[in-house]
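[1] Build me a model:
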Amino acid sequence: MERSERSVIMLYNYSYGMRIDDPMTPGTLFRYASIIHAIIAALLTLLIAYEPLEIPRIISGGSAGMWYTMGYLMYLIAGPLGSLYFSSLYGERKSIVGTISFIIYTIGVFLATFSLIYGGYYAGWMMHVYPVHNPGQQIPTQQIHLWLVNFVLPAGIGTALAGLGALIGALGAIISRK
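    Next up, the predicted model:
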């Protein structure tokens, strides 16, 4: 390969912030994850404004719709911001503990927040939107809450995984600094 071709390839790879021969470090993984989380958070925010989904009615109705709100807010904090924080903790240091932390934390964040978002959206829809479009018909509140209980365990497991991943990540960052 000629020198000019090699320069073009290296320039291309530097535009993405890494070289081909560099291994993925926990800091790099968390940095790329924060970008992906930011895109997902932006899409979730745009969905709130999409009128046919009637998310504002679900959120303002409270009760089951609060699950949606809590999942959305948790995702905004733990997704892009949490990943960006861990990216800054690790920098470019190699750490197997950091990689394990990344996997556990990311799975936990997605499981916890999207369990709350999905459960809250559909329970809120059954409670606040369905009666508006079907006058005289209403799904009993007890039935809605019994359906919503199915999301307590996944949200709890996801929260525990995210917390464990954050704890392992903090310890891993301290250990890797030495």
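
[2] If you tally nearby residues, what's the number for V152?
    V152 sits with 13 neighbouring residues when counted by other C-beta atoms under 10 Å. Quick note: C-beta positions are derived from backbone N, CA and C, even for glycine.

[3] Which helix runs longest in this protein?
    Using DSSP state H to define each element, the chain has its longest helix at helix 96-124.

[4] After the worst-scoring helix or strand of the chain on mean pLDDT, heading C-terminal, what element do we hit next?
    Taking mean pLDDT, DSSP states H and E as the measure, the chain has helix 3-14 as its least confident helix or strand, at a mean of 46. Using DSSP states H and E, the helix or strand that follows helix 3-14 in sequence is helix 26-49.

[5] Next, the buried residues of the helix or strand just after that next one.
    For helix 26-49, the following helix or strand on the C-terminal side (DSSP H and E) is helix 55-60. Across helix 55-60, burial judged by 16 or more other C-beta atoms under 10 Å covers 55, 58-59.

[6] Ok, stretch 68-82 next?
    68-72, 74-76, 78-80, 82.

[7] which residue sits closest to G61, ignoring its sequence neighbours?
    Residue nearest to G61 in three dimensions, not counting chain neighbours: H128, with 3.6 Å by C-beta to C-beta, 6 or more residues apart in numbering.

[8] isn't the one you found right next to I59, touching?
    No: H128 is beyond contact range of I59, at 9.3 Å (criterion: C-beta atoms under 8 Å).

[9] which SS class is the residue most central in space within the chain?
    Nearest to the mean C-alpha position of the chain, counting by C-alpha atoms, centre = their mean, stands G79 at 4.1 Å. What DSSP: H, G, I helix; E, B strand; the rest coil gives for G79 is helix.

[10] From A49, how far out is it?
    G79 sits at a distance of 19 Å from A49 (criterion: C-beta to C-beta, to the nearest Å).
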